[in-house]
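> From the sequence below, what's the structure:
(4 chains)
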Amino acid sequence: MTGDVKSAIAARAAQELRPGEIVNLGIGIPNLIPGLLGGGTDVFLHTENGLLGVGPRPSEEELDPDLIDAAKRPVTALPGAAYFDSAQSFAMIRGGHIDVAVLGALQVSISGDIANWAVPGKDVLGVGGAMDLVVGARRVIVTMTSTSSTGEPKIVRECTYPLTARGVADVVVTELAVFRFREGALVLTELLDDATVDEVRAATGAPFDVDLEDRRAA
Amino acid sequence: MTGDVKSAIAARAAQELRPGEIVNLGIGIPNLIPGLLGGGTDVFLHTENGLLGVGPRPSEEELDPDLIDAAKRPVTALPGAAYFDSAQSFAMIRGGHIDVAVLGALQVSISGDIANWAVPGKDVLGVGGAMDLVVGARRVIVTMTSTSSTGEPKIVRECTYPLTARGVADVVVTELAVFRFREGALVLTELLDDATVDEVRAATGAPFDVDLEDRRAA
Amino acid sequence: MPIASGPIEPDEAVSAISSGDTVMVGGFGLVGAPLTLIDALAESSDADELTIVSNNIGEPGRGLGKLLRQGRIKRGISSYFTSNPEAVAAVNAGEIEATLVPQGTFAEAIRAGGAGIAGFLTPVGAGTLLAEGKEERVIDGVPYVLERPIHADVALVYAARGDELGNLWYRRTARNFNPLMATAARVTIAEVGEIVPAGELEPESIHTPHLYVDELVLSR
Amino acid sequence: MPIASGPIEPDEAVSAISSGDTVMVGGFGLVGAPLTLIDALAESSDADELTIVSNNIGEPGRGLGKLLRQGRIKRGISSYFTSNPEAVAAVNAGEIEATLVPQGTFAEAIRAGGAGIAGFLTPVGAGTLLAEGKEERVIDGVPYVLERPIHADVALVYAARGDELGNLWYRRTARNFNPLMATAARVTIAEVGEIVPAGELEPESIHTPHLYVDELVLSR
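Numbers count the residues shown, from 1 in each chain, chains lettered A, B, ... in the order given. Here you go, the predicted model:
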């Protein structure tokens, strides 16, 4: 996956965010979004290690060892930012106070199940806040390439990887398409980068409805 | 009950407190204790509406409408005091972080059950923090007259008033005596104000052991 | 969501409250109570059949005591009705329903409501009148009561200071239930003593981050 | 209890930890971790068979990673072992037991431990590997997991500032799990960047009131 593909997915996902929303960004593609938001003042970024109001990356002079995001990268804090402890931070998440979580996934099922923390047969030793975020956030936007590095479709009938949570995905953005979950059904709503419906079908491991009229956020 | 009797009970209860302890004082007799502690810097007073480090009553100039105790009386805060919300305040109580609660009671049973919030047949519409305090505090000291205004003993075999909690009392101080609960048994450990054991028996509605050798806190 | 645009008028703010709503109201007695908002609710709203979640039901004719006199409270959830004798009388006359909750359980249940916790086990109240009808379970010989969260349609809270975004800072013992209630309602309206620019409150000392606050109203 | 007399030496502080103890250690990665106390534990204590409750098990050779290399950790309770590949290797080699907990549940369970809550119902983890062996119940169609509190013998926390009594103030994102852990152990030892006179921290901004803190140690 080239940086261009990642950036394109991040850019399309960024269009799903509405001004003033409280947004939590996962590691990987979602973390490219702040660079695309033009200062990040449009939405308010929450990071689960205890900060609402994440600002841009620090300059050399701004670097502060006490100021990181959940990916453990140095960040800054915008005026009006607030710090809080981890119980409060996850109370925000679990309690439905985060408008949007944008995160990567290994698999998404046609029921909206997400698997994004563990690979069978490998270590299942790091979950972090993944489960809390997909269960708690009001909207869950998954950003991922349509297929794995070995060419397997990531949208599947049933997740075969360990589940993060059931029925929680609202939107999936890949390099080819935007999918939405509507009344429990997976719907292709937008083709990206000149992709065709057939190309999307080839890269998708499950049936889906097509309703390209929905370009709400385009 | 005269003010002298109340003060005598409060003074004896105050001797149970050890320097540095975190103490919550109920309404009534317990609230006379700060005046007897000489500035109150010996122990740290917690009030469940959200303050650790309650100081003496305010002067006219110190009066602050935002600074009250759980009895809704104006107070001051000592240097090093901290304010917190009610969930945190009761987390301190329930979690066992308050060393001592001193409170009044309507009845105490020989099993250490306390009834101190409601009278049968009357309104049971105010419980406040009573149940939390007797369950959570590490030591519970009950201060009360030995008999009610109608002459009924307040130490009883079984509480007939609505219970606050079971088996929680550690010490009972009346105008006549100090009782302690030891391995589930009620023990008279000290006679006050020249009272005799027979006088205490007459004012007590249940059997008790006598072990006057224990004058630990005298 | 943070505040979209400056403070609104108290009358407009309380128009978010409809008949039949559950309304949380901060304060320990009248300390830390959002009196401007309560007055607006009493004077310029006709929402009735309200369920009030508040530690007390005001005092006679003051704070929530005004709403009580207007007969607009259907039910109270509280730890201490007794501080308003008129509330006690109204309960005894069958005019309002009363749900009495130990104060720590009351606070914890509101926190749970805001934190997505569907229930918690507390030793407080076990074996008493206040646990009647509630599930109890014994763990390691200690009885616990399963308590459920408390949610509301609207929360009315008071803070000494707010900033433009809706971050709140509470003064002294006026904090009490306010930060908890701010998290547990569909709509949270904060009455503030003053509004300062974003960035003026120390970020480590913000008690209620702005994501919990929907509207700001200035105290009168 | 507040602090009886000034700060003590790190070596003396960690002598409170015995073999077989459960020890909570604050920090998100190394940010907000009590590194002076961890170093003292690694260098001047021989307590082993420890159960460590910490969001991560340090980094290779740093923070808790030192104790790991010394083979003194029996079990880790954590949300993210993966940040230290040596911890992952130790788990896979059967050298330490790993209990993986979703991060919000981890935080909430520690808070519950300090708050006298014997269990709580969370929707997080329901139906996943991490709920295996745990009681689940469905309320209004939503599955919840009953999670139990986490307690410790000793908590090691870090705060930028403490006062003479033991009140603590945390700076920026170095707060994380520290204030929770300070409440949930039999003995809480706070490493602080500086100690100020009682009364110097703003009373509304104290994050950990002194009743939770047993000893203070200055950072080196």
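> Tell me if the lengthiest helix in chain C is near chain A.
Longest helix in chain C, counting residues (DSSP state H): helix C:103-115. Yes: Helix C:103-115 is in contact with chain A by Cβ under 8 Å from any Cβ of the partner chain, via C:111, C:113-115. Heads up, the C-betas are built off the backbone N, CA and C, glycines and all.
> tell me the angle of that helix relative to helix D:103-115?
Relative orientation of helix C:103-115 versus helix D:103-115 (axes from the mean of the first three to the mean of the last three Cα atoms, to 10 degrees): 170 degrees.
> so what secondary structure elements neighbour helix C:103-115?
Contact analysis of helix C:103-115 by 3 or more Cβ pairs under 8 Å, 6 or more residues apart in numbering or on different chains; DSSP states H and E lists helix A:86-94, helix B:86-94, helix B:130-136, strand C:119-122, strand C:142-147, helix C:178-181 as its packing neighbours.
> what about 7 Å?
Helix C:103-115 sits against helix A:86-94, helix B:86-94, strand C:119-122, helix C:178-181, with contacts defined as 3 or more Cβ pairs under 7 Å, 6 or more residues apart in numbering or on different chains; DSSP states H and E.
> So which bits of it are buried?
Going by neighbour count (16 or more other Cβ atoms under 10 Å in any protein chain shown), the buried part of helix C:103-115 is C:103-115.
> any idea where the helices of chain A begin and end?
In chain A, the helices defined using DSSP H lie at A:3-14, A:33-36, A:86-94, A:130-136, A:197-202.
> Tell me how far the longest helix of chain C lies from the chain's centre.
11 Å (Cα atoms, centre = their mean, to the nearest Å).
> In chain A, where is pLDDT below threshold?
A:1, A:38-41, A:213-218 (pLDDT under 70).
> Spit out the contact partners of residue 47.
Went with chain A since none was named. The neighbours of residue A:47, taking Cβ atoms under 7 Å, 6 or more residues apart in numbering or on different chains as the test, are A:24, A:54, A:69-70.
> was after chain C, sorry
By Cβ under 7 Å, 6+ apart, residue C:47 lies in contact with C:17-19, C:21.
> Ok, residue A:203 next?
Contacts of residue A:203 were listed using Cβ under 7 Å, 6+ apart, and they are A:146-147, A:153, A:176.
> Go again with 6 Å.
Going by Cβ atoms under 6 Å, 6 or more residues apart in numbering or on different chains, residue A:203 touches A:146-147, A:153.
> What about the nearest residue to it once chain neighbours are set aside, how many residues nearby?
Excluding the flanking residues, the one nearest residue A:203 by Cβ to Cβ, 6 or more residues apart in numbering or on different chains is residue A:146, at 3.9 Å. Residue A:146 has 22 neighbours, counted by other Cβ atoms under 10 Å in any protein chain shown.
> Now render the contacts of residue C:47 as a markdown table, adding secondary structure, pLDDT and neighbour count.
A markdown table is the format used below for the contacts of residue C:47 (DSSP: H, G, I helix; E, B strand; the rest coil; pLDDT from 0 to 100; neighbours: other Cβ atoms under 10 Å in any protein chain shown):
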| residue | secondary structure | pLDDT | neighbour count |
| --- | --- | --- | --- |
| C:17 | coil | 98 | 21 |
| C:18 | coil | 98 | 14 |
| C:19 | coil | 98 | 12 |
| C:21 | coil | 98 | 19 |
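> Could you list the low-confidence segments of chain C?
In chain C, residues with pLDDT under 70: C:1-2.
> Compare the helices of chain A and give me the one nearest chain C.
Evaluated over these, closeness to chain C peaks at helix A:86-94, with 3.3 Å, by Cβ to the nearest Cβ.
> how much space between the residue in chain A sticking out farthest from the centre and chain B?
Ranking residues of chain A by C-alpha distance from their mean position (Cα atoms, centre = their mean) puts residue A:61 at the top, at 30.6 Å. Residue A:61 sits at a distance of 34 Å from chain B (criterion: Cβ to the nearest Cβ, to the nearest Å).
> for residue C:102, same thing?
Counting by Cβ to the nearest Cβ, the gap between residue C:102 and chain B amounts to 4 Å.
> Residue A:14 now?
Residue A:14 sits 36 Å away from chain B, going by Cβ to the nearest Cβ.
> Then residue A:37?
Distance, residue A:37 to chain B, using Cβ to the nearest Cβ: 34 Å.
> Neighbours of the residue found closest to that residue once you drop the neighbours it is linked to in the chain, how many?
Distance criterion Cβ to Cβ, 6+ apart; nearest residue to residue A:37, sequence neighbours excluded, is residue A:14 at 6.1 Å. By other Cβ under 10 Å, the residues close to residue A:14 number 25.
> and what of residue C:5?
By the other Cβ under 10 Å criterion, the neighbourhood of residue C:5 contains 8 residues.
> returning to what we had before: which single one of the buried residues of helix C:103-115 is nearest to residue B:211?
residue C:104 (34.9 Å; Cβ to Cβ).
> Chain A: which of the contacts of residue C:47 is nearest?
residue C:21 (18.6 Å).
> burial count for residue 49?
Reading this off chain A. Counted by other Cβ under 10 Å, the residues lying close to residue A:49 total 27.
> I was after chain C.
13.
> residues from chain A in reach of chain C?
A:20, A:22, A:52, A:79-83, A:91, A:94-95, A:97, A:136 (Cβ under 6 Å from any Cβ of the partner chain).
> Filter those down to just the buried residues.
By 16+ other Cβ under 10 Å, the residues of chain A next to chain C give A:22, A:52, A:79-83, A:91, A:94-95, A:97, A:136 as buried.
> circling back to that earlier point, distance to chain D added to the contacts of residue C:47, as a markdown table?
A markdown table is the format used below for the contacts of residue C:47 (distance: Cβ to the nearest Cβ, whole Å):
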| residue | distance to chain D |
| --- | --- |
| C:17 | 24 |
| C:18 | 22 |
| C:19 | 24 |
| C:21 | 20 |
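> for the contacts of residue A:203, which one is nearest chain D?
Once Cβ to the nearest Cβ is applied, the member of the contacts of residue A:203 that ends up nearest chain D is residue A:153, at 22.1 Å.
> For the closest one, list each beta-bridge partner.
Note on residue A:153: beta-bridge partners residue A:147, judged by DSSP bridges.
> Likewise for residue C:217?
Applying DSSP bridges to residue C:217 yields these beta-bridge partners: residue C:191.
> would you list the residues of chain A next to chain C in TSV and tack on distance to residue B:120?
Formatted as TSV, those follow (distance: Cβ to Cβ, whole Å):
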residue	distance to residue B:120
A:20	55
A:22	50
A:52	50
A:79	58
A:80	54
A:81	54
A:82	49
A:83	50
A:91	40
A:94	42
A:95	40
A:97	44
A:136	45
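> just those that are near chain D?
By Cβ under 6 Å from any Cβ, the members of the residues of chain A next to chain C lying near chain D are A:83, A:94.
> Can you name the two of the residues of chain A next to chain C that sit furthest apart?
Farthest apart among those by Cβ to Cβ are A:79 and A:94. That separation is 27.5 Å.
> What's the local residue count around residue A:121?
6.
> got a list of what it touches?
Residue A:121 neighbours (Cβ under 6 Å, 6+ apart): none.
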